[in-house]
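>>> Got a predicted structure here, sequence first:
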Amino acid sequence: MRDKLLMFGALSLATKDTAVYSADYLDMGEPETHNTGNDGNIDIVFQPAADFNAADSMTPFLQDSADGSSWATIATGKLTAKPSALTQITMPMPSSHRRYLRAGATPASTGTFTASTVNAWIELGK
């Protein structure tokens, strides 16, 4: 189930090998450390808005923060080559994280990366 309140929004991937972060981040509230991922049925989902070119790929990641300004990568997904608009790239929610979460991705290409948009959200019960 996708909940509007658990959407990171769109990631605008434009330059290969340059990490991009979601403009929106999620405030998971108190306490400072959460154990959301212990449920085992919660995923971070990344879905391209359109098909990637044949030479293009991306690596998704999730970051957390205690204060909403200093971020650390807590999970990195697999490199996915040429994902289509129908592809949902998933990674499990980490078993522990700090209060704020944001999604990100690093585009890659064997040529010139073609700008793409990827939507990201937390999926419950996938």
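Everything's here; your move.

>>> residue ranges of the strands in this protein, please?
2-13, 20-21, 26-27, 33-34, 42-48, 56-65, 72-76, 80-81, 89-92, 97-98, 100-109, 116-124 (DSSP state E).

>>> where does the protein have low pLDDT?
Scanning the chain for pLDDT under 70 picks out 1-4, 31-40, 126.

>>> Spatially central residue in it, please.
Centroid-nearest residue in the chain, with Cα atoms, centre = their mean: Ala103, separated by 3.6 Å.

>>> can you pull up the bridge partners for it?
Leu62 (DSSP bridges).

>>> Go ahead and confirm it touches Pro60.
Yes: look at Ala103 against Pro60 with Cβ atoms under 8 Å: they come within range, at 7.0 Å. Any C-beta I mention is one placed from the backbone N, CA and C, and that applies to glycine too.

>>> Overlap of the contact sets of those two?
44, 46, 120 (Cβ atoms under 8 Å, 6 or more residues apart in numbering).
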